[in-house]
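K.L.:
Take a look and give me a structure for this.
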Amino acid sequence: MQSRKDFPKIPSWNRPPATHVKEKTPLFIGFTRTWPMLQQVVLSYITAGWPPEDIYVVENTGTLHSNKNGLLSLQNPFFLNHTRLDLFGVNILITPTLLTFSQLQTYYLFTALENGWDYFFWSHMDLIITTDENAKGSFYSRVVDHLRETLSKKWLGDQKDWAIRFYAYDWLALNHVQAFIDLGGWDTFISYYTADCDMHERFKMANITLADVHAGNVSDVGESINTSLLFRKKIDPNFPPKTAAELDALDEDERAGNGYDRLLTEILAAVEEKKSPEHERNWWQGQQTGGKGDPFYREPHGFAENLERVVQCGIQSYQSKWGGHKGCGLEGFNTEDAWMIENTTIPVT
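P.N.:
The predicted model follows:
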């Protein structure tokens, strides 16, 4: 691909309207490590109908402009191909330092405020998004339908307010900015795991609505598949296309045709591989271990070890905040209980 014009056509049934829908649909996808996975999820959103200009890849590598200036090598875990993302037509935001999960969520809120967005979508990067071709519409069109429903007074009814609509929990989520602000936002002392417990449980304590919704296939994966399949062309597995031009020249498959079955089979295999007891859940984050000599080089094992320390400190902070309670589920608590319940189960550190 030499320009955006070379990007292969997405399936006809998934193409977004020529004129953007009246609603804004900004989508944040955070990135820290493993470029092939990021490229895959971005392509999956685009081929499922999400307008590329509405997608914001948030580079959270802590390497400043190293990727923008092409200074990191391909096997560096923090490598990100800015040129390729620009050819895809998506936006790139760069955080000023490596942020934790809760800090990154706060950055999303800040960016939404800066742009005057009342709401935004955000997504994990270890996903593949596909339209349910046995149902009506594209993944994106169904998301827009849900957005319109959510913004209607009828949907909220007599509820106080809404905060989040979950697509397969928070693998993809629609967030209401003001609801987060009203509760003081994310607790950034709770760095990674249990940060969601703290935020979501506080919404429940305040009787603010959290609701599930379904728009299509949101698949949790830990490896790359043949991304050419996302474009839903009639691909001969014996003679696969070698370039974007060759892929674009192929005839389009039928909706829910044989190519769809093949795509779902590959995705299912990747899903099952991630769930394999042979792997830790986030094993995919450690697939790339190169980059020695690059700017901001971090020894991969040392980085992973120290990241785990930060994770555990965040979990301890959550437990201390809620009187030694472990895990989600704070039934019987209220927001005023934070840090006010005597705790004898967490040792003083």
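K.L.:
in the chain, which spans are helices?
P.N.:
35-47, 82-88, 101-115, 139-151, 153-156, 177-182, 195-205, 244-249, 258-275, 300-321 (DSSP state H).
K.L.:
In PDB, list the C-alpha atoms belonging to the shortest one.
P.N.:
Extracted C-alpha coordinates of helix 153-156, given in PDB (Å, rounded to 0.1, in the frame of the first residue of the first chain):
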ATOM      1  CA  LYS A 153     -35.100   9.800  27.200                       C
ATOM      2  CA  LYS A 154     -37.300   6.700  26.700                       C
ATOM      3  CA  TRP A 155     -34.500   4.300  27.200                       C
ATOM      4  CA  LEU A 156     -33.300   5.900  30.400                       C
END
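K.L.:
how about low-confidence regions in the stretch 151-300 of the chain?
P.N.:
The stretch 151-300 of the chain contains residues with pLDDT under 70 at 279-286.
K.L.:
so where's the stretch 1-150 of the chain uncertain?
P.N.:
Checking the stretch 1-150 of the chain against pLDDT under 70 turns up nothing.
K.L.:
swap the cut-off to 80 and go again
P.N.:
Low-confidence segments of the stretch 1-150 of the chain, defined by pLDDT under 80, span residues 1.
K.L.:
okay but L93 is in contact with V57, surely?
P.N.:
Yes - counting by CB atoms under 8 Å, L93 does reach V57; the two are 7.2 Å apart. Glycine gets a C-beta too; all of them are placed from N, C-alpha and C.
K.L.:
tell me how far stretch 239-248 is from the chain's mean position?
P.N.:
The chain centroid and the centroid of stretch 239-248 are separated by 28 Å under CA atoms, centre = their mean, to the nearest Å.
K.L.:
List the buried residues in that stretch.
P.N.:
For stretch 239-248, the neighbour count (16 or more other CB atoms under 10 Å) marks 241, 244, 247 as buried.
K.L.:
got a markdown table for those, with distance to F110 too?
P.N.:
Output for the buried residues of stretch 239-248, formatted as a markdown table (distance: CB to CB, whole Å):
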| residue | distance to F110 |
| --- | --- |
| P241 | 41 |
| A244 | 36 |
| L247 | 38 |
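K.L.:
and of those residues, the nearest to D145?
P.N.:
Taking CB to CB as the measure, L247 is the one of the buried residues of stretch 239-248 closest to D145, at 30.0 Å.
K.L.:
and the residue nearest to the closest one when sequence neighbours are not counted, what does it touch?
P.N.:
Distances taken as CB to CB, 6 or more residues apart in numbering place P241 nearest to L247, at 4.0 Å, with adjacent residues excluded. Listed by CB atoms under 8 Å, 6 or more residues apart in numbering, the contact set of P241 reads 228, 233, 235, 247, 249-250.
K.L.:
I235 versus P241, what's the distance?
P.N.:
Distance, P241 to I235, using CB to CB, to the nearest Å: 7 Å.
K.L.:
joint contacts of the two?
P.N.:
Joint contacts of P241 and I235 (CB under 8 Å, 6+ apart) are 228, 247, 250.
K.L.:
okay, those residues in JSON lines with distance to I315 next?
P.N.:
Formatted as JSON lines, the shared contacts of P241 and I235 follow (distance: CB to CB, whole Å):
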{"residue": "S228", "distance to I315": "41"}
{"residue": "L247", "distance to I315": "45"}
{"residue": "L250", "distance to I315": "49"}
